[in-house]
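Undergrad: Okay, here's the prediction I keep looking at, along with the sequence it came from:
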Amino acid sequence: MSKACRICHMIHEKTASMCTNCKTQDLSSEYTGEIFIINPEESDVAQRMKISKSGHYALRVR
Ligand SMILES: [Zn+2]
């Protein structure tokens, strides 16, 4: 099970202790849904989630 950042929703390895995207340690292993954002500028989902970098994200983080 991986971990997702509570701030930006980016998904990381379960061994990660910090989000490499926004540099917080606010990671949670409880999340639902996963999405790969390739082109944030062209993705409605990315804009709605305020994602500006391509990557692997969780849809919902608890
Ligand atoms: Zn983050």
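TA: Now that the structure is in, tell me what you want to look at.
Undergrad: going forward, measure contacts between C-alpha atoms and count neighbours the same way
TA: Will do.
Undergrad: can you tell me which residues contact residue 3?
TA: Each residue near residue 3 by CA atoms under 8 Å, 6 or more residues apart in numbering is listed here: 11-14, 16, 27-31.
Undergrad: can you rerun that using 6 Å?
TA: For residue 3, the contact set (CA atoms under 6 Å, 6 or more residues apart in numbering) comprises 11-12, 14, 27-29.
Undergrad: Next one: it from the ion, what distance?
TA: With distances taken as CA to the ion, to the nearest Å, residue 3 is found 10 Å from the ion.
Undergrad: The nearest residue to that residue once chain neighbours are set aside: how many residues sit nearby?
TA: Of all residues not flanking residue 3 in the chain, residue 29 sits nearest, at 4.3 Å (CA to CA, 6 or more residues apart in numbering). The tally of other residues near residue 29 (other CA atoms under 10 Å) stands at 17.
Undergrad: Next one: residue 29 from the ion, what distance?
TA: From residue 29 over to the ion the distance is 13 Å, taken as CA to the ion.
Undergrad: picking that back up, now the contacts of residue 3: which count as buried?
TA: For these, a burial check counting by 16 or more other CA atoms under 10 Å picks out 11-12, 27-29.
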